[in-house]
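>>> how would this look folded up:
(one chain, ligands or ions: 1)
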Amino acid sequence: MLNIDAIHMREINMPLAHPFETSFGVTTGRRILLIELESESLTAWGECVAGEHPYFSDETIDTAWLMIENELGPSLLDANVERGGSCPDIFRQVRGHRMAKAALENAVWDLEAQVENVPLAELLGGIRTVIPCGVSIGIQPSPAQLMKKIATELAAGYQRIKLKCKPGWDIKIFEAVRNRWPDITLSCDANSAYRMKDLDHIASWDQFNLLMIEQPLWYDDFYFHSMLQKRLTTDICLDESIRNRRDALAAIDMESCRIINIKVGRVGGFSEAIAVHNAAEERGIPVWCGGMLETGIGRSHNIALSSLPNFSLPGDVSASSRYWAEDIIEPAVTVSDKGEIVVPTAVGRGFEVQRDRIEALTVRRQTLHAKAHVTV
Ligand SMILES: [Mg+2]
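Numbers count the residues shown, from 1 in each chain. The predicted structure follows:
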């Protein structure tokens, strides 16, 4: 039984070290909702990955704040919380709002790992001692700048390069990259920027020997992706479309994809992320861990998740320094010259939170207290 005494919510504003452009637009900084659970002498952390705008998903930091403050937080404080895995039941009455739920649920797992005195990775069922890392490279102002960026990331050791793409920033770019690096592991992510009229166009990408084409069509679609997958030799990977285990099963059965990107916020927390992982593993579908421009708190949770056995492809979990001039955890996440992150073996998430730095970045806060425990 985990006694949660208080939930501290805070918003921090962090400038990105470099602007990040996708088919949605350019991001220069992040407004991030952090959760701190207070339980007896312990504190545990969670991070909400919802963005400032409802572009990747229909949630935003502001909807998540509202849901946690008014619905999810009070439910958690009223419940008998046995463990992290209790959270989906506790939150069942609220439909959707998966990123808000994940922020709380992941903090509860973080707490459970401390109480059980085990590394978070082990509590989740992880077995890997290191995780393979790739990078996601945003749309650049020019092809020359893209080439320079790829050269830097390859020199740093990253095992897979993923290019954000959109109409007008695809074939010419893939051609240029493949001409210079014929053999690197290369993939692309369209974030739903294409439509059925583009099927022939996308089918022509088979010539570039991509590891996968990520979420080319609508963010909520399986059927049209299955039609596209039939036309392609290259594997489709679904990201936005997969909200839970049932979605994963439907997508796999319909052959809408042959690879799944798991983002713990997108599926509503560690419990569902593990369920998606297991469903894919049973059907021989590899998964990898996506990124949402997380601070070190969300990043450390992603590292723990990526240690599960079926995370067999390099994920988008990379070094803190790619995103932040200074992270909010100590030590920062680093990647070896072989393109790997070592999974911490310390109790809990394995990275200390830099409280001073978080305080300095905080622009909004709210605390929800548990009702006094009544002994009958
Ligand atoms: Mg994606």
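>>> Residue for residue, what is the longest strand the protein has?
Counting residues, the longest strand found in the chain (DSSP state E) is strand 6-22.
>>> Just the buried positions in it, please.
For strand 6-22, the neighbour count (16 or more other CB atoms under 10 Å) marks I7, H8, M9, R10, E11, I12, M14, L16, F20, E21, T22 as buried. For glycine as for every other residue, the C-beta is placed from the backbone atoms N, C-alpha and C.
>>> do the same with stretch 165-183
Within stretch 165-183, the residues that count as buried by 16+ other CB under 10 Å are C165, K166, W169, D170, I171, I173, F174, V177, R178.
>>> Which residue, other than its chain neighbours, is closest to whatever residue of the chain ends up closest to the ion?
Residue of the chain nearest the ion, by CB to the ion: D239 (3.6 Å). Leaving aside its chain neighbours, D239 sits nearest to N261 (4.1 Å; criterion: CB to CB, 6 or more residues apart in numbering).
>>> do T43 as well
Closest residue to T43 apart from its sequence neighbours, by CB to CB, 6+ apart: E36 at 5.7 Å.
>>> Please confirm that that neighbour is located within a strand.
Yes: E36 forms part of a strand when assessed by DSSP: H, G, I helix; E, B strand; the rest coil.
>>> Please name the residues that touch it.
If a contact means CB atoms under 8 Å, 6 or more residues apart in numbering, then E36 has I7, H8, R10, T43, A44, W45, A107 as its contacts.
>>> Near the last one, how many residues? Count them for me, please.
Put plainly, it is A107. For A107, the count of nearby residues is 28 (other CB atoms under 10 Å).
>>> what packs against the longest strand of the chain?
In terms of contacts (3 or more CB pairs under 8 Å, 6 or more residues apart in numbering; DSSP states H and E), strand 6-22 is packed against strand 25-39, helix 61-67, helix 73-78, helix 355-361, strand 362-369.
>>> Give me the pLDDT for P19.
Per-residue pLDDT puts P19 at 87.
>>> What separation do you get for it and V333?
P19 sits 21 Å away from V333, going by CB to CB, to the nearest Å.
>>> The longest strand of the chain pairs with which strands?
Using DSSP bridges, the strands paired with strand 6-22 are strand 25-39 (antiparallel), strand 362-369 (antiparallel).
>>> tell me the most buried of those strands?
Greatest average neighbour count among those goes to strand 25-39 (a mean of 19), per mean count of other CB atoms under 10 Å.
>>> mind listing what K371 touches?
L77, D78.
>>> How is it assigned, secondary-structure-wise?
coil.
>>> Flag every buried residue along stretch 201-208.
For stretch 201-208, a neighbour-count test (16+ other CB under 10 Å) marks I202, W205, F208 as buried.
>>> Check stretch 115-123 too.
Of all the residues in stretch 115-123, those buried under the rule 16+ other CB under 10 Å are V115, V118, P119, L120, A121, E122, L123.
>>> Can you tell me which of these is closest to K338?
Nearest to K338 among the buried residues of stretch 115-123 is A121, at 19.2 Å by CB to CB.
>>> In terms of helices and strands, where is that closest one?
Counting by DSSP states H and E, the element that carries A121 is helix 120-124.
>>> Does anything pack onto that helix? Which helices or strands?
Counting by 3+ CB pairs under 8 Å, 6+ apart, helix 120-124 packs on helix 98-116, helix 296-305.
>>> Low-confidence stretches in this protein?
For the chain, the stretches with pLDDT under 70 are 373-376.
>>> So which bits of the stretch 201-350 of the chain are right by the ion?
Residues of the stretch 201-350 of the chain lying close to the ion by CB under 5 Å from the ion are E214, D239.
>>> follow-up on the earlier one: looking at the helices and strands packed on helix 120-124, which is nearest to P182?
That would be helix 296-305 among the helices and strands packed on helix 120-124, by CB to CB, at 30.6 Å.
>>> now the angle from that closest one to strand 25-39?
Interaxial angle of helix 296-305 relative to strand 25-39 (axes from the mean of the first three to the mean of the last three CA atoms, to 10 degrees): 80 degrees.
>>> Report all helices and strands that the helix or strand just after helix 296-305 contacts.
Going down the chain from helix 296-305, the next helix or strand is strand 329-330, by DSSP H and E. Contacts defined by 3+ CB pairs under 8 Å, 6+ apart place strand 329-330 against helix 296-305, strand 352-353.
>>> before we move on, the earlier item: how about a markdown table for the buried residues of stretch 165-183, with secondary structure and distance to H301 added?
Shown next, in a markdown table, are the buried residues of stretch 165-183 (DSSP: H, G, I helix; E, B strand; the rest coil; distance: CB to CB, whole Å):
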| residue | secondary structure | distance to H301 |
| --- | --- | --- |
| C165 | coil | 28 |
| K166 | strand | 29 |
| W169 | strand | 31 |
| D170 | coil | 32 |
| I171 | helix | 36 |
| I173 | helix | 32 |
| F174 | helix | 32 |
| V177 | helix | 31 |
| R178 | helix | 34 |
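>>> Widest-spaced pair of the residues you listed?
Distances among these were taken as CB to CB; the most separated pair is K166 and R178, at 18.4 Å.
>>> which one of the helices and strands packed on helix 120-124 lies closest to D316?
helix 296-305 (8.5 Å).
>>> Next up, the contacts around the closest residue to T334 other than its chain neighbours.
Using CB to CB, 6+ apart and skipping the chain neighbours, the partner closest in space to T334 is A319 (5.4 Å). Residues in contact with A319 (CB under 8 Å, 6+ apart) are A156, A332, V333, T334, V335, I341.
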